[in-house]
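K.L.:
Need coordinates for the following:
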Amino acid sequence: MTRSCSAASLKAWLADALKSSVAAVATLAADLQQDGAAVQAALTTPWSSGQTEGQVGKLKLLKGQTFGRSGFDPLRRPVLLAT
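P.N.:
Reported below is the predicted structural model:
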């Protein structure tokens, strides 16, 4: 996967977004700027936690479906079938 965002274009977008009259855009830009190191790493490294997050989300969905049933045994079968 290639990422088309450079550090310069990100800085330019953040500067424009911080001046935006839309509060949600300005807030997003401020949050991204505050966590600049993580944003830069996400744009420049080839690694992704998407696969892990997908598996965690699937497990949470299965757990929610079995909520109220006691223990791991009712959850065991759907987890094993989902993998």
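K.L.:
any low-confidence regions in the protein?
P.N.:
With pLDDT under 70 as the threshold, the chain has low-confidence stretches at 1-5, 68-72, 74-75, 83.
K.L.:
Look up how far Q55 lies from K63.
P.N.:
12 Å (Cβ to Cβ, to the nearest Å). For every residue, glycine as well, the C-beta is placed using N, CA and C.
K.L.:
Just the C-alphas of stretch 18-29, formatted as CSV.
P.N.:
Only the C-alpha atoms of stretch 18-29 are listed here, as CSV (Å, rounded to 0.1, in the frame of the first residue of the first chain):
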residue,chain,number,x,y,z
LEU,A,18,-6.7,25.1,12.1
LYS,A,19,-8.1,28.3,10.5
SER,A,20,-11.3,26.6,9.4
SER,A,21,-14.6,28.0,10.4
VAL,A,22,-15.9,24.5,10.9
ALA,A,23,-15.3,23.7,14.5
ALA,A,24,-15.0,19.9,14.0
VAL,A,25,-12.3,20.3,11.3
ALA,A,26,-10.3,22.7,13.5
THR,A,27,-10.6,20.3,16.5
LEU,A,28,-9.5,17.4,14.4
ALA,A,29,-6.5,19.4,13.1
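K.L.:
Not counting it itself, show me its contacts.
P.N.:
W13, L14, A17, A30, Q33 (Cβ atoms under 8 Å, 6 or more residues apart in numbering).
K.L.:
burial count for the closest residue to the fourth one other than its chain neighbours?
P.N.:
Leaving out its chain neighbours, the residue that sits closest to A30 by Cβ to Cβ, 6 or more residues apart in numbering is L18, at 6.5 Å. Residue crowding around L18 was assessed by other Cβ atoms under 10 Å; the count is 15.
K.L.:
How about A42?
P.N.:
So A42, with other Cβ under 10 Å, has 14 neighbours.
K.L.:
go on, the one 10 residues further on?
P.N.:
The local packing count at T52 equals 9, with neighbours defined by other Cβ under 10 Å.
K.L.:
Report the next helix or strand after the helix or strand harbouring it in sequence order.
P.N.:
Taking DSSP states H and E as the criterion, T52 maps to helix 50-65. Later in the chain than helix 50-65, the nearest helix or strand by DSSP H and E is helix 73-82.
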